[in-house]
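K.L.:
take a look and give me a structure for this.
(chains A and B)
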Amino acid sequence: MAETIAREDLRSIAGSSRFPVHLLRTYGMVFALILVWGVFSVVTNGVFIEPRNLSNLIRQTAVTGVLAVGMVMVIVTGEIDLSVGSLVGISGMVAVWVQSSLHWGLVPSLLAGIVTGLLIGALQGALIAYGQVPSFIVTLGGLLAWRGATKGISSGNTYPIEIRAFKSIGQSYLSTSGGIALAAVLVAIVAWRVVRTNRARGRSRLAAWGTGALGVRILGPALLVVMSVVVLGRYAGVPIPAVILLGIALACAFLMQHTTFGRYLYAIGGNSEAARLSGINLRSHVLAAFSILGALSGVAGIIYTARVGSAGPDAGTLLELDAIAACVIGGASLMGGRGTVFGACLGALFMSSLDNGMSLKNVPDFIQDIVKGGVLVTAVGLDVLGRRARASLNS
Amino acid sequence: MPAEPTAARPLLEMCNIGKSFLGVRALQGVTFDLYPGEIHALIGENGAGKSTLIRILGGVYSYPHYDGEVRIDDAVQRFRNVHDSERAGISVVFQELSLVPEMTVAENLFLGREPQRLGIVRWDALYAQARAWLEELQIEIDTKIPVARLGVGQQQLVEIAKALSCTARILVLDEPTAALTDAEAENLFSVLDRLRGHGVGVIYISHRLQEVFRTSDRITVLRDGRSVGTKATSEVEAKRVIAMMVGREVNQLFPAARRAGGGVALEVRHVTAQDAEMSGRLVVQDVSFQVRRGEVLGIAGLMGSGRTELLMSVFGAHPGRVTGQIVVSGKVVQIRRPADAIANGIALVTEDRKRYGLFFEQTVLRNMTMSALRRISGSFITDEAREFAVSTPLFERLRIKANSLSRAVGTLSGGNQQKVVLARCLLTEPRILFLDEPTRGIDVGAKQEIYFEIDRLAQSGLALVIISSELPEVLGLSDRVIVLHKGKVTGEFTRENVTPEALMACATGHTVEATSAIPRMVD
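P.N.:
All right, here's what the predicted structure looks like:
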């Protein structure tokens, strides 16, 4: 009994040092991103930050981003999905195959791709939640099996997209007026969020922000949005994949932060036993998280295929790595309970920046792979270190 | 037979041992000795200081972070870690065994020190030595089968054999029979009896008085971090030992109110629960009880008596097979999972808030509203303003000391964390509230606040069931008490006729007639 008291005292003493650790993590990610951008800008003589390349970068980010947004939900529950790269491959392949072989139209073929991802995600989720097979194993098997299926459907060939509108999902841009409208919507969302947060601060007895602080909190992000739209506009406008990612990210962020569903996912990953005793149905929530990730993998598969213009047997290979790394770089913990959609998006931007910058410099493929592998392990290593530091406060 | 304390030189002496944690004294001036060939029982309520003393001996609490002296064969020992202690011949066998289930008995016995030549394990030598060693101890176990295929009792014997094969001279057994059947326990006792001949000293920690009297030569009782006394087992009666264990008065921590029970809120009929890992082993056996509205029912019993399993079974959270019938407000209900229990107006404040209670990284608010989230939100979309609105009155009434509801719950003190778990249960608006060790490890102030809240809840018509290892708590709070021992009800008392001695006697497996002779303690 006395030991418990002692530990609790220790923790409350040490507890005050916990918050800065958390802050460091949040800003560490932004700092790392700025660093990478700075380095690439310098070594490419500014080519990296030209509007044309940024536009390209944003389009590349969309696929990883959509995957990372879904992946973060699964990671928050304490599970993992290694199969998303293969899901991107098979859903893109199915979406194109139904066009060329069955002559399906735009909407049916889009649905075919997404539903393929959804069904596979649900199947794997059911095996994990109800069959109690570890997610690592189920999705490792899936990684291989769905890649195999993709190769089977395609007989090893690459199929060009038949429908032009399908292609434009990956390749076209928002018009100038569309860009302005988008910027307006985003700024409105930011302002609404800040005002709401400020009201919540009042409720939780924190001092409400003054007009100045409020202004900075609204104008800062607003400026960033407007700048992005303007810069992208100087090339061709906001790429459609970026718009899709934005929409999905906003919807999923809402799901994670403002619904009982999201709250339960965090609870399950944070302490599954406590969640169970709180009356939360663990299985149905884990199943749902994998299903959503499956559907989003389908969306990512469509964007990927549309961007490339065709569906190949190797499409999406190793994307699971980027998605997982994006989540962890964005502050998600592989132990569950922690992670945000926003962080996952920033992480995705980081990973595709690496890809993009190294390609610009013609860094050989093998080195690119080594660098990205190293980044993944480093990010997880930092997460483990952070967790250990916190655990030593907890016990 | 045991060496007379004066006849031989003590194997181990612990003199004037004291230990405190940030100013809280866990142990003070405890003196304990052990002779070769002796079994010395160490008993006391939960939290009396037994495990602290053992951890000092085992090198877990290292020198010099305690007061007093540890001597073996008259030489002062300064254990800086567990290895130092092992080298000095001390081996502690904890309740959780440290065997590798997939390996054979022989492999486990020599794990890390296999007989080898040029780095290659000499399997025949390993099995021969293992067999010889088990024969020496007269333990009949096949050395070639994996440990996982053995019963818990046999595993325990393997663990002990392993400890002794590392030339341990001092063997510490912490609740060795908690998971054993009677036959397995008897087998263990006969092995312990034979160890006397080997000159090994055994420190035997147990809650079960019958065993203590069956096996030990001497008994030392700890209470509140002090030694109450050491007696030769043959010269002391069980009731005297019980009095030594409980001998303190029920203090004024508890609300004095008397409550009048209303209608029956919950009736539990013939609940039997199997062990999750070992089907066939019953952790709760045919237990029935009732609780009325406005009544507090205490469930007493020592650790491992099936108290927690009983409440978990009723709550739909026991992992093993459960049979029996649950009646809520006169209606038979099916409770298959915690959500069913909550829907029927039952809430559970869990034991061990760290493992089962809290979401450490989340805010106080989110921890509080987790169980009732859907009801509070009214829909799929959460409503943080309403969450604040319904939580704030409770936050204030329970006096949760945190500067805001937005604080991470992990930064709160134990008492306040416990209040958060209680608040979460209350937000589900239960009619029946289970509390499992509601005040473990929290300070007296927070304890008292929880006691008064419990009383207030009972006054307002809730039916409460409380598990506690602390006798004063059970006595002070309950209108009625049932006592469990090895999964069965061994006694039932009303507030008027209960005594600490009678409770302790039932909890340690003594029959009621033995205790009826004990004079009643004034409340």
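
K.L.:
contacts, neighbours, all on C-alpha from now
P.N.:
Fine.

K.L.:
so what's the one residue in the stretch 401-523 of chain B that gets nearest to chain A scoring on pLDDT?
P.N.:
At 4.8 Å from chain A, residue B:441 is the closest residue in the stretch 401-523 of chain B, using CA to the nearest CA. Here, the pLDDT recorded for residue B:441 equals 71.

K.L.:
that one and residue B:414 touch, don't they?
P.N.:
Yes: the criterion here is CA atoms under 8 Å, and residue B:441 meets it with residue B:414 at 6.9 Å.

K.L.:
and for residue 35, the neighbour number?
P.N.:
Defaulting to chain A. Neighbours of residue A:35 under the rule other CA atoms under 10 Å in any protein chain shown: 12.

K.L.:
actually, chain B is the one I wanted.
P.N.:
Residues near residue B:35, counting by other CA under 10 Å, number 25.

K.L.:
that older thread, ok, residue B:441 and residue B:414, which is more surrounded?
P.N.:
residue B:414 (26 against 21).

K.L.:
surely residue B:63 is in contact with residue B:80?
P.N.:
Yes: between residue B:63 and residue B:80 there is a contact at 5.3 Å, judged by CA under 8 Å.

K.L.:
do you know how far residue A:378 is from residue A:371?
P.N.:
Residue A:378 is 10 Å from residue A:371, where distance means CA to CA, to the nearest Å.

K.L.:
kindly report the same for residue B:135.
P.N.:
Residue B:135 is 59 Å from residue A:371, by CA to CA.

K.L.:
looks like residue B:42 contacts residue B:222 (just checking).
P.N.:
Yes: contact between residue B:42 and residue B:222 holds when scored by CA under 8 Å: they sit 7.4 Å apart.

K.L.:
and for those two, which residues touch both?
P.N.:
residue B:50 (CA atoms under 8 Å, 6 or more residues apart in numbering or on different chains).

K.L.:
output the contacting helices and strands for the longest helix belonging to chain A.
P.N.:
The residue-count maximum for a helix in chain A (DSSP state H) belongs to helix A:365-394. Contacts defined by 3 or more CA pairs under 8 Å, 6 or more residues apart in numbering or on different chains; DSSP states H and E place helix A:365-394 against helix A:2-14, helix A:319-329, helix A:341-360.

K.L.:
wait, which of those helices is closest to residue B:398?
P.N.:
helix A:2-14 (19.4 Å; CA to CA).

K.L.:
where in chain A is pLDDT low?
P.N.:
Under the criterion pLDDT under 70, the flagged ranges of chain A are A:1-26, A:204-206, A:387-395.

K.L.:
cutoff 50 now
P.N.:
A:1-20, A:394-395 (pLDDT under 50).

K.L.:
dump the residue contacts of the residue nearest the centre of it.
P.N.:
Most central in chain A under CA atoms, centre = their mean is residue A:68, positioned 2.2 Å from the mean C-alpha point. By CA under 8 Å, 6+ apart, residue A:68 lies in contact with A:322, A:323, A:324, A:326, A:327, A:341, A:344, A:345, A:348.

K.L.:
my guess is the first one contacts residue A:350. True?
P.N.:
No: with contacts defined as CA under 8 Å, residue A:322 does not count as touching residue A:350, sitting 9.6 Å away.

K.L.:
that's a helix at residue B:483, yeah?
P.N.:
No: secondary structure of residue B:483 (DSSP: H, G, I helix; E, B strand; the rest coil): strand, not part of a helix.

K.L.:
quick check: closest non-adjacent residue to it.
P.N.:
residue B:300 (4.6 Å; CA to CA, 6 or more residues apart in numbering or on different chains).

K.L.:
and residue A:266, that one's in a helix?
P.N.:
Yes: under three-state DSSP, residue A:266 falls within a helix.

K.L.:
so who does the closest residue to it other than its chain neighbours touch?
P.N.:
Spatial nearest neighbour of residue A:266, excluding adjacent residues (CA to CA, 6+ apart): residue A:337 at 4.7 Å. The neighbours of residue A:337, taking CA under 8 Å, 6+ apart as the test, are A:75, A:76, A:77, A:78, A:265, A:266, A:267, A:268, A:269, A:270, A:271, B:361.

K.L.:
next, give phi and psi for the fourth one.
P.N.:
Its backbone dihedrals place residue A:78 at phi 90, psi 10, with angles given as degrees, to the nearest 10.

K.L.:
kindly report the same for the last one.
P.N.:
When quoted as degrees, to the nearest 10, the phi and psi of residue B:361 stand at phi -80, psi -10.
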